[in-house]
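**Q** can't give you the sequence, but here's the structure:
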Ligand SMILES: [Zn+2]
């Protein structure tokens, strides 16, 4: 098992964790860092939509990975379109620092998220101008108790967590090399009754 955190380490947000086992590769979350790009972009100065993924890749807002991005966004970049190298992207919850860049993913890579997260993201896309779902061919909703098997080496078990947005999950990823636990945004405040009075 090889784990590569492309964001969310030494900072709050921007979670993108790559997990590779044998031939299988998945990503856990695909968010926007709160700090990345601040030195280049602010207010009305934002990455150019017309440049596809170029500005996002050039300024490190998304990781430089082959076989991940939407072919339509790559024409100005150093990456060439190729078959996806990832068998799934799993979203823990509907906060932007975990989901913001999913519109840049190759649409044939399956996207996995909780049913509540799916509803919230669809509402965000309709209500706002800053978030787009993208044109994914396959969105799979999961619930606690599910086990999602990818190839021979990876099974993902979502576990519902308390967080400041409904429908948040962590993941237990089982592999032949052992299990990986990804907490998403697990608060250390304890259950709600510990800090909000009574349940
Ligand atoms: Zn969060």
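**A** That came in fine, so what should we check first? Just so it is clear, the model here is predicted, and its values are computed rather than measured.
**Q** List the contacts of residue 105.
**A** Shown in contact with residue 105 (CB atoms under 8 Å, 6 or more residues apart in numbering): 30, 68-70, 89, 111, 134, 136. Glycine gets a C-beta too; all of them are placed from N, C-alpha and C.
**Q** Repeat that for residue 72.
**A** residue 52.
**Q** SS state for it?
**A** The three-state label given to residue 72 by DSSP: H, G, I helix; E, B strand; the rest coil is helix.
**Q** So it versus residue 46, what's the distance?
**A** Plainly put, residue 72 is 19 Å away from residue 46 if you go by CB to CB, to the nearest Å.
**Q** Same check on residue 54?
**A** For residue 54 relative to residue 46 (CB to CB), the value is 13 Å.
**Q** Which one's more surrounded, those two?
**A** Ranked by neighbour count (other CB atoms under 10 Å), residue 54 and residue 46 place residue 54 first, with 18 against 12.
**Q** ok, that one touching residue 77?
**A** Yes: Residue 54 is within contact range of residue 77, at 5.2 Å (criterion: CB atoms under 8 Å).
**Q** so where do the helices sit in the chain?
**A** Assigned by DSSP state H, the helices in the chain fall at 54-58, 96-99, 115-127.
**Q** any chance of these in TSV, with distance to the ion and mean pLDDT too?
**A** Shown next, in TSV, are the helices of the chain (distance: least, CB to the ion, whole Å; pLDDT from 0 to 100):
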stretch	distance to the ion	mean pLDDT
helix 54-58	21	90
helix 96-99	6	93
helix 115-127	11	96
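**Q** Return the most buried member of the ones you listed.
**A** Among the helices of the chain, helix 96-99 has the highest mean neighbour count (mean count of other CB atoms under 10 Å), at a mean of 22.
**Q** which other residues reach it?
**A** Residues from elsewhere that reach helix 96-99, judged by CB under 8 Å, 6+ apart: 8, 12-15, 29-34, 91-93, 117, 121, 131, 184-185.
**Q** Next, work out how far apart residue 154 and residue 73 are.
**A** For residue 154, the distance to residue 73 - CB to CB - is 27 Å.
**Q** Quick one: end-to-end distance for stretch 75-92.
**A** Chord length of stretch 75-92, first to last residue, is 30 Å (CA to CA, to the nearest Å).
**Q** Please apply the same query to stretch 52-63.
**A** 14 Å.
**Q** Residues in contact with it: which ones?
**A** By CB under 8 Å, 6+ apart, stretch 52-63 touches 6-7, 16, 18, 32-33, 36-37, 40-41, 47-48, 64, 69-70, 72-79, 101, 104.
**Q** and that stretch, how far from the chain's centre?
**A** Averaging C-alpha coordinates over stretch 52-63 and over its chain gives two centres that are 16 Å apart (CA atoms, centre = their mean, to the nearest Å).
**Q** Give me every residue in this protein that's in contact range of the ion.
**A** By CB under 5 Å from the ion, the residues of the chain that approach the ion are 95, 185.
**Q** quick one: the strands in the protein?
**A** For the chain, strands defined by DSSP state E occupy the ranges 2-7, 16-21, 24-28, 88-90, 111-114, 139-142, 148-150, 154-161, 168-175, 178-182.
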